[in-house]
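> Structure here, sequence nowhere to be found:
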DNA sequence: GAAAATTAGGAAACCGGTTGCCTTGAGAAC
DNA sequence: GTTCTCAAGGCAACCGGTTTCCTAATTTTC
């Protein structure tokens, strides 16, 4: 019985290295078995002689056979792919989140579709449709702000996990940093150092993170019967604002021995302005930042004690929750994950320059 | 003639919104036509009555039908997907590259697989196999350093474009910034300001970018019959090194009226140290950085003139070249794309504070 | 030596689309 | 009334795998 198509397989040369990738038919033909048998041999199914399996395997090796994922998807229904949508531009916060998520997913042999929606709802919906059309197994939604946002879609056919940002629908699964807890840790630390006159400089009042961190700080002080020095100074997330706010603090005449800042950039501005004004950090004024952004915290003079939101861990957690949901074990609700205090010279008088210590909390 | 499978479609409710996504069979059934006809109706093929097309389209809308990409892939051979491998961890340089690439690719209705190889050759090869198994239409390789690297694979069945980094194989397609040209622009600018005693502080001597930028600067000065003040100061890519190098320069006793720095971080360190030493920027010493990293350049006192490598444009170019190669028009070789000088106060005496001007070059 | 049990591997359906070819039916031409 | 034309749409092959079912050959059993 001659093979039906004699046209293409006249020469057996070069199929594996050149031209189109090898298919399982190529493997089967080379091994002298049927396609079904080849499939069984490669997947350890069916009942085959060991010698046959070996022959098929070596044929596959020779041709560099890699199963076509589209075909696998078509009859398993699974794509082993998840979509990751950053609702706003990929930036400093998204990177560790993505890295962490990619880490967990890669270990689970999942691939990641990257979508950058750039704060544009239309792009967001476009990407959502694209991902659904590609039948991703799940979706991770991230963003630059922790503030809750409207769900990206309702009744979606795949599980969705929100990372860093959260969904306004309490039944959605969100993973967020415990910013309030982080702020409390910062104040705790300053209090433990014996500082009692603590000021707070942070970002815009309408910014969720600024508001949460500020009120947590105030609350923690109140628990110790203390007040903030002045009101929280709301401004921008910039060094320039840090410098400016320091001027305001110094000009107000009220003494202060510590400043808790809403971001490392602000803290750095404060540090520069304090130094320019002749105040020593940490001797006269202890300083704590937020974000633990290495570029800022380490370049600051002196290096900055800061709160780390552990974004990479957050990304991993989000991915793990998504994998669980894909496997039929969803964990709806807000999952809050703790922040970590990172000690550096800006609060520790006796630490050697350049060293970094992490407090166990 | 009753339908063969009566089991599943007893109730017509909810198919579109719940359960598994609608297939073209669902659409065909609802519209009362065959699957083939439904396909033709939705794609504008074949010869059908307009009324039939409308009926099918509205059935598709009602069910929220999105064609299964795996099925499309299977018979077109194309996945409309490209892989993006960052050879080292996703970072500050990768982001604009990715954003730019994603921009061009998204416009071409391609999706992007993100792979973070973290400087690990094993991860790199793992991801490469994964991408090939998924039959991506092409691959973009990026990295943190511009230095040429060994090709990620040989005789790959899909086109590859290297962005920012380049391949040691001159037949591969690479897109790289013209760092030497950027350095020349920086020196040009300082010379145009009348500065003649220019120093250079930069990163590690063994780092490709540091070496290229330094020798281009020296060369440009030589063309004007000038020498650098002292030798290039090679160190680290950090603010601390910028401060330290400034100390060296000041201590050497040789006068200088400008410093060209290998990075914005270094430049910022230099600016801080100069100010601490009582030298005014730009009046006494003009300062040019490299990278145009907004966080550094804008927070610097005064804001920093810098060289922008236009990474987002680079990413777009890489994506465009990849798309061209996918469509059968490869453009092998190194493609060098120009840098841009961004003017700020650190070199421009009469510029209003806070404003940014871009020189046309 | 014949019937039963076991094993190895092939044939074909299926996943969800696309497309070439063929059939059907209606209107036009004679 | 019969043949020809052409539009409309159905049928089935195909893409590349997996899996179920079945057949053929071998071995076991009595």
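Thanks, I have it. Just so it is clear, the model here is predicted, and its values are computed rather than measured.

> I'd like the next helix or strand past the helix or strand in which residue A:101 is found.
Taking DSSP states H and E as the definition, residue A:101 sits inside helix A:94-107. Elements were assigned by DSSP H and E; along the chain past helix A:94-107, the next helix or strand is strand A:111-116.

> What count of nearby residues applies to the closest residue to DNA strand D within the stretch 251-361 of chain A?
Across the stretch 251-361 of chain A, no residue is closer to DNA strand D than residue A:327, which sits at 17.0 Å (CB to the nearest atom of the strand). Where C-beta positions appear, they are placed from N, C-alpha and C, glycine not excepted. Counted with other CB atoms under 10 Å in any protein chain shown, the neighbours of residue A:327 add up to 11.

> Wondering if stretch A:117-130 reaches DNA strand C at all.
No. Stretch A:117-130 does not reach DNA strand C (CB under 7 Å from any atom of the strand); its nearest approach is 13.7 Å.

> contacting residues around that stretch?
Defining contact as CB atoms under 8 Å, 6 or more residues apart in numbering or on different chains, one finds that stretch A:117-130 is touched by A:83, A:85-89, A:115-116, A:139, A:152-153, B:66, B:111.

> how does it look with 10 Å?
Stretch A:117-130 is touched from outside by A:83-90, A:113-116, A:136, A:139, A:141, A:143-144, A:150, A:152-153, A:156, A:160, B:64, B:66, B:69, B:80, B:99, B:102-103, B:106, B:109-111, with contacts defined as CB atoms under 10 Å, 6 or more residues apart in numbering or on different chains.

> Tell me which helix or strand residue A:186 sits in.
When the helices and strands are read off by DSSP H and E, the one containing residue A:186 is helix A:179-192.

> Just give the strands next to whatever helix or strand comes next after that helix in its sheet, each with its orientation.
The helix or strand immediately downstream of helix A:179-192 is strand A:198-202, counting by DSSP H and E. Within its sheet, and counting by DSSP bridges, strand A:198-202 is paired with strand A:233-234 (parallel), strand A:258-261 (parallel).

> chain center to the longest one, what's the gap?
Think strand A:258-261. Its chain's average C-alpha position is 27 Å from that of strand A:258-261, according to CA atoms, centre = their mean, to the nearest Å.

> next one: the shortest one
Average the C-alpha atoms of strand A:233-234, do the same for its chain, and the two points are 28 Å apart (CA atoms, centre = their mean).

> Over to stretch A:38-46?
Using CA atoms, centre = their mean, the mean C-alpha position of stretch A:38-46 is found 39 Å from that of the whole chain.

> Quick one: mean pLDDT over it.
Taken as a whole, stretch A:38-46 has an average pLDDT of 91.

> which element is the closest residue to residue A:240 other than its chain neighbours on?
Counting by CB to CB, 6 or more residues apart in numbering or on different chains, residue A:269 is the residue found nearest to residue A:240 once chain neighbours are left out, at 6.3 Å. In the assignment (DSSP H and E), residue A:269 maps to helix A:264-276.

> So for that helix, what gets flagged as buried?
Within helix A:264-276, the residues scored as buried using 16 or more other CB atoms under 10 Å in any protein chain shown are A:264, A:265, A:266, A:267, A:268, A:269, A:270, A:271, A:272, A:273, A:274, A:275.

> do stretch A:139-147 as well
For stretch A:139-147, a neighbour-count test (16+ other CB under 10 Å) marks A:139, A:140, A:141, A:142, A:143, A:144, A:146, A:147 as buried.

> just checking, residue A:228 touches residue A:260?
Yes. Applying CB atoms under 10 Å, one finds residue A:228 in contact with residue A:260, separated by 8.8 Å.
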